[in-house]
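Enquirer: need the 3D shape of this:
(chains A, B, C and D)
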2 protein chains.
Amino acid sequence: MAQDRSAAKPHDAEVRLGPLRNFIAFHLRLAQDASFRSFAQNAGRRRWGPGNFAAMMVIRKNPGIIQVALGRAISRDKSTVTPLIQELQRRGLVSRRRSTSDRRSITLELTRAGEATLEDLLVHARAHNRRLDAILGKQKAVFLEQLRKIADELA
Amino acid sequence: MAQDRSAAKPHDAEVRLGPLRNFIAFHLRLAQDASFRSFAQNAGRRRWGPGNFAAMMVIRKNPGIIQVALGRAISRDKSTVTPLIQELQRRGLVSRRRSTSDRRSITLELTRAGEATLEDLLVHARAHNRRLDAILGKQKAVFLEQLRKIADELA
DNA sequence: CGCCGAAGGTTTGGCGGCAAACCAGTTGCC
DNA sequence: GGCAACTGGTTTGCCGCCAAACCTTCGGCG
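Expert: Next comes the predicted model:
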């Protein structure tokens, strides 16, 4: 078994974080970490990570999108997108076709199976999202806007 | 060169995110991502990632801490801590000694050089932190508390 | 027309992280 | 006192991601 990072050994309560205690960046990582794990775990653990989900979601909403545009949308390098998409294609979830207007680029679309599995994932994703919303309460909207601001302005 | 994820190609403005647009988890990742990159880049790019910084900070504030406790504090698996610490030791920044009371565990301390480099890193870290604080404005405290809540309750 | 720089995609190499298996030492319990 | 469960640490294997180099295609411009 891997280490249980969440376990609150009474002893650990005494660990001092120093300046770290008030660093946004540090807690941003902790929160993202927890969120990521929670999602991956509850999403059937069938190796359907958040990455695949986000990619498929964007493809669904933008049929015919090309790889680099997808990469920019989900903030992944194109060299990360390539194998990710290839794997999805191998599983028969997305189709790739060379664009007729620009033979460099490849257009992406969800297959029937892709739509179906995405719908499945959406169930888990929505549940995860609700959990987070519940934790944040009324201030969710403000919180979200702040996250956007950070991502935007920290370009 | 790697892809420029921040570039706002006018074309990309039209990419639709669908439900993703309001998912906390998604934006949490984007924000963390941006923060991480910004830190790593400005911190002299001398391969002093946020990871090393957080670890050294905790060791500084808790001299004699053992590896698993450190791991829990910064939310890293023990199998991640081992090589991380070994590298810091190799660079002469931390000292490792077997505990006398429990011969399984290894106690950690910063060396002189370690203290010095940490002080150096703190300059960048503080700057990074200030940038984030500036983005968040008055509501920084609330935001921080919400991040803590997410990390805590999403155990 | 022909060239050259830019852009989309893939490949390769490296890094950081987790999980599981394992060893050594410790603790609890009968 | 001795065995079983647990704990700290390391090793190994894998995965996700980035950066850089490279190939192909596109597009502007002399």
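
Enquirer: could you pull out the helices in chain A for me?
Expert: Using DSSP state H, the helices of chain A run over A:24-42, A:50-61, A:67-74, A:78-90, A:112-136, A:140-153.

Enquirer: mind putting the ones you listed in TSV, distance to DNA strand C and mean pLDDT included?
Expert: From N, CA and C alone the C-beta is placed, and that goes for glycine too. Output for the helices of chain A, formatted as TSV (distance: least, C-beta to the nearest atom of the strand, whole Å; pLDDT from 0 to 100):
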stretch	distance to DNA strand C	mean pLDDT
helix A:24-42	7	92
helix A:50-61	12	94
helix A:67-74	3	97
helix A:78-90	3	96
helix A:112-136	16	94
helix A:140-153	19	96
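
Enquirer: make CSV from those helices and add mean neighbour count and distance to DNA strand D to it.
Expert: What follows is the helices of chain A, written out as CSV (neighbours: other C-beta atoms under 10 Å in any protein chain shown; distance: least, C-beta to the nearest atom of the strand, whole Å):
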stretch, mean neighbour count, distance to DNA strand D
helix A:24-42, 21, 9
helix A:50-61, 22, 4
helix A:67-74, 21, 8
helix A:78-90, 15, 3
helix A:112-136, 16, 14
helix A:140-153, 18, 13
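
Enquirer: now these as CSV including distance to B:Ala69?
Expert: Below are those laid out as CSV (distance: least, C-beta to C-beta, whole Å):
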stretch, distance to B:Ala69
helix A:24-42, 16
helix A:50-61, 29
helix A:67-74, 36
helix A:78-90, 34
helix A:112-136, 26
helix A:140-153, 30
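
Enquirer: tell me which of these sits nearest to B:Arg104.
Expert: helix A:24-42 (26.8 Å; C-beta to C-beta).

Enquirer: near chain B, anything from the closest one?
Expert: Yes. Counting by C-beta under 8 Å from any C-beta of the partner chain, chain B has neighbours in helix A:24-42: A:24-39.

Enquirer: residues contacting the spatially most central residue of chain A?
Expert: For chain A, the residue nearest the mean C-alpha position is A:Pro50 (3.7 Å; C-alpha atoms, centre = their mean). When contacts are counted by C-beta atoms under 8 Å, 6 or more residues apart in numbering or on different chains, A:Pro50 touches A:36, A:39-40, A:43, B:25-26, B:29.

Enquirer: make it 6 Å
Expert: Each residue near A:Pro50 by C-beta atoms under 6 Å, 6 or more residues apart in numbering or on different chains is listed here: A:Phe39.

Enquirer: and it, how close does it get to A:Thr111?
Expert: Shown here: A:Pro50 relative to A:Thr111, a distance of 21 Å by C-beta to C-beta, to the nearest Å.

Enquirer: ok, A:Arg98 - contacts?
Expert: Going by C-beta under 6 Å, 6+ apart, the list of residues near A:Arg98 reads A:Ile106.

Enquirer: measure it to DNA strand C for me?
Expert: 8 Å (C-beta to the nearest atom of the strand, to the nearest Å).

Enquirer: just grab the bridge partners of that residue for me.
Expert: Beta-bridge partners for A:Arg98, by DSSP bridges, are A:Ile106.

Enquirer: what does stretch A:132-142 contact?
Expert: A:143, B:24, B:146, B:149-150, B:153.

Enquirer: only alpha carbons, please: show that stretch as PDB.
Expert: Taking Å, rounded to 0.1, in the frame of the first residue of the first chain, the C-alpha atoms of stretch A:132-142 are listed here in PDB:
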ATOM      1  CA  LEU A 132     -16.500  20.800  -4.200                       C
ATOM      2  CA  ASP A 133     -19.400  23.200  -4.500                       C
ATOM      3  CA  ALA A 134     -20.700  21.900  -1.200                       C
ATOM      4  CA  ILE A 135     -17.400  22.600   0.400                       C
ATOM      5  CA  LEU A 136     -17.300  26.200  -0.900                       C
ATOM      6  CA  GLY A 137     -20.900  27.100  -0.300                       C
ATOM      7  CA  LYS A 138     -22.300  30.400  -1.400                       C
ATOM      8  CA  GLN A 139     -18.900  31.800  -2.300                       C
ATOM      9  CA  LYS A 140     -18.300  29.300  -5.100                       C
ATOM     10  CA  ALA A 141     -18.700  31.800  -7.900                       C
ATOM     11  CA  VAL A 142     -16.200  34.200  -6.400                       C
END
